[in-house]
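Chemist: Structure for the following, please:
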Amino acid sequence: MPSYANRYISSLTRETYALILAGGRGSRLHELTNWRAKPAVYFGGKHRIIDFPLSNCINSGIRRVGIATQYKSHSLIRHVNRAWGHFKKELGESVEILPASQRYGDEWYCGTADAVFQNMDIIRHELPKYVMILSGDHVYRMDYGALLAKHVETGADMTVCCIEVPCEEAAKTFGVMTVDSDKRVRRFDEKPAHPTSIPGKDGLCLASMGNYVFNTEFLFEQLKQDSEREGSGRDFGHDIIPAIIEEHNVFAFPFRDPSYEGQPYWRDVGTLDSFWEANMELVSPEPQLDLYDPTWPIWTYQEQLPPAKFIFDDDDRRGMAVDSTVSGGCIISGSKVKKSLLFSNVHVHSYCEIEGSVVLPGVVIERNCKVRNAIIDRGCHLPEGLEVGFDPDLDKDNGFRVTNKGIVLVTREMLLAYNQKQLTNKEKLQTA
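Modeler: As a prediction, this is how the structure comes out:
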C-alpha cells in the first residue's frame with residue numbers, strides 16, 4: 001500500500017496547476033537564439049531545455065501544465081505539440097500553450113508577473129488550490145512534491161525555490177535572498193551587483209531558481225494589486241516579492257538532491273560558454289546529471305531514426321567515437337570523434353577530427369574538416385577542409401563567433417557568408 005506521505009503529496013500535486021514561463025529571448029546565447037526562444041534550445045543530445053521542467057512536472061505527478069510563450073516561439077510550440085500533445089483533458093491532464101494574446105490589454109507579456117496575470121482566467125478555470133510558477137530556462141531534475149509539501153506545512157503564502165550559488169556568479173544575474181533561521185525570506189534583491197553572502201558561508205549566496213509556489217487566491221490578489229501599481233515592472237523578482245515579504249509569509253525552499261551529497265545539479269545555460277560546458281559535462285563517465293536514470297526520465301520528442309553508424313576500419317580512415325555521446329541517425333564515416341556530443345542525423349565524412357564539440361541535429365561535415373571546442377548549430381554544412389577552433393583570429397575572420405573562453409559558434413548564416421567570401425576571393429584570384 002502507498003504510504004501516507006506519498007498519498008499526501010499526490011493529493012497536493014493533483015490540486016496544483018503549473019505555469020512554465022517560456023518566453024525568454026536568451027540574448028546572451030547570441031545567434032543560437034536568433035530563430036528560437038531559449039527554452040527551445042537543444043540540450044543533451046536529444047532534448048530541448050523546456051523538456052526538463054516539463055518532465056519534472058510529469059514525474060512529480062503534476063499533470064495540469066500551461067506554457068506561456070512569446071519570443072520567436074514557433075519551434076518551441078512545434079516541439080511541445082509533438083512531444084507533449086498526447087495528454088487527455090477528460091482525464092484531468094493537459095499541457096497547453098499559452099501565447100501572449102493581450103487578454104487584459106493591448107500589451108504583450110511585460111514581465112514574469114504579467115505573463116501570469118494575463119492568464120488568470122485560464123488558471124481560475126482549472127480551479128487549482130496552488131499555482132506553481134516555473135522558469136523554462138534551466139536544466140535540472142527536481143521532485144516538486146517535496147516543495148509543495150513544505151509550502152503547505154509552513155503555512156506560506158508564497159514559497160521561493162532557491163539554490164546556493166557563488167556570489168560572483170549570481171552578481172547581476174540572479175535574484176538573491178536573505179532568510180532567517182526558519183527560512184522565512186526577510187530581504188530579496190533582484191540581480192544585485194554585490195550579493196549578500198549566506199551567514200557562515202562566505203562567498204556563497206542564496207539565489208532564486210525562478211520557481212515559485214503560491215496559494216491561488218493570494219497570487220491573484222497580488223497580481224491584481226501589482227497591475228494597478230504605478231511604475232511596476234510587472235516582475236516577480238523586481239516587484240512582487242519585495243512588496244509582500246514584510247506583511248506576508250514568504251518562505252525559501254533550498255533545493256536538495258536526495259541522491260547526491262553535494263550541491264544539486266542545476267544549470268542556467270544562458271551563455272555560449274555555459275551551454276558548451278553543461279553539454280560537455282554529459283560526456284564524462286559519470287555525469288552528475290544522469291540522463292540514463294529510468295526512475296526519473298526526461299521525456300521529449302524524437303524521430304524514428306536508425307541507430308548511429310560507424311564505418312571504415314583502415315589505419316588512416318577509421319569511423320570511431322570515444323568519450324562521446326552519439327545520437328540516432330548519425331553516420332561517422334572514417335573519422336574520429338572525441339569528447340563530443342552529437343545530436344541526431346549528423347553525418348561526418350572521412351578524414352575528419354571532431355573534439356570537444358557540441359554538434360546539433362542535421363549537421364553535415366565534409367571531408368578533412370577539423371573541429372575543436374565548437375558549437376555547430378542545426379543544419380550547418382561545413383565545407384571540405386574547414387578548420388574551426390584552432391586559430392581564434394582566423395575563426396573571427398571567417399565570420400564565426402568566438403567567446404572569451406575560446407568556444408566557437410558556427411551557424412548556417414555564418415557559413416553562407418563564409419562561402420560567399422571564399423567565392424569572391426576565388427573570383428578575384430582568377431581575374432588578377
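Chemist: show me where the chain has helices.
Modeler: Here the chain has its helices, by DSSP state H, at 4-14, 51-60, 74-84, 112-117, 120-126, 144-153, 167-170, 216-227, 241-244, 272-281, 392-397, 412-431.
Chemist: buried stuff in stretch 107-126?
Modeler: Across stretch 107-126, burial judged by 16 or more other CB atoms under 10 Å covers 109-120, 123. Backbone N, C-alpha and C define where each C-beta goes, glycine included.
Chemist: got the residues you listed as a markdown table, with pLDDT columns?
Modeler: A markdown table is the format used below for those (pLDDT from 0 to 100):
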| residue | pLDDT |
| --- | --- |
| 109 | 85 |
| 110 | 86 |
| 111 | 89 |
| 112 | 93 |
| 113 | 94 |
| 114 | 93 |
| 115 | 94 |
| 116 | 95 |
| 117 | 94 |
| 118 | 93 |
| 119 | 94 |
| 120 | 94 |
| 123 | 95 |
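Chemist: and which of those residues is nearest residue 293?
Modeler: When the buried residues of stretch 107-126 are compared for distance to residue 293 (CB to CB), residue 112 wins out at 30.4 Å.
Chemist: hang on, the closest one packs against residue 233?
Modeler: No - using CB atoms under 8 Å, residue 112 is not in contact with residue 233; the gap is 9.4 Å.
Chemist: that older thread, can you tell me which of the helices of the chain is packed in deepest?
Modeler: Among those, helix 112-117 has the highest mean neighbour count (mean count of other CB atoms under 10 Å), at a mean of 25.
Chemist: Which residues does that one contact?
Modeler: 19, 21, 23, 68, 70, 100, 104, 107, 109, 123, 131, 133, 210, 219, 223-224, 226-227, 234-237, 239-240 (CB atoms under 8 Å, 6 or more residues apart in numbering).
Chemist: Counting only strands, which of these make the cut?
Modeler: The members of the contacts of helix 112-117 that map onto strands under DSSP state E are 19, 21, 68, 131, 133, 210.
Chemist: Farthest-apart pair in those residues, please.
Modeler: 131 and 210 (14.4 Å).
Chemist: re earlier: now distance to residue 137 too, for the helices of the chain, in a markdown table please.
Modeler: Formatted as a markdown table, those follow (distance: least, CB to CB, whole Å):
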| stretch | distance to residue 137 |
| --- | --- |
| helix 4-14 | 23 |
| helix 51-60 | 9 |
| helix 74-84 | 12 |
| helix 112-117 | 11 |
| helix 120-126 | 21 |
| helix 144-153 | 17 |
| helix 167-170 | 15 |
| helix 216-227 | 21 |
| helix 241-244 | 18 |
| helix 272-281 | 11 |
| helix 392-397 | 28 |
| helix 412-431 | 24 |
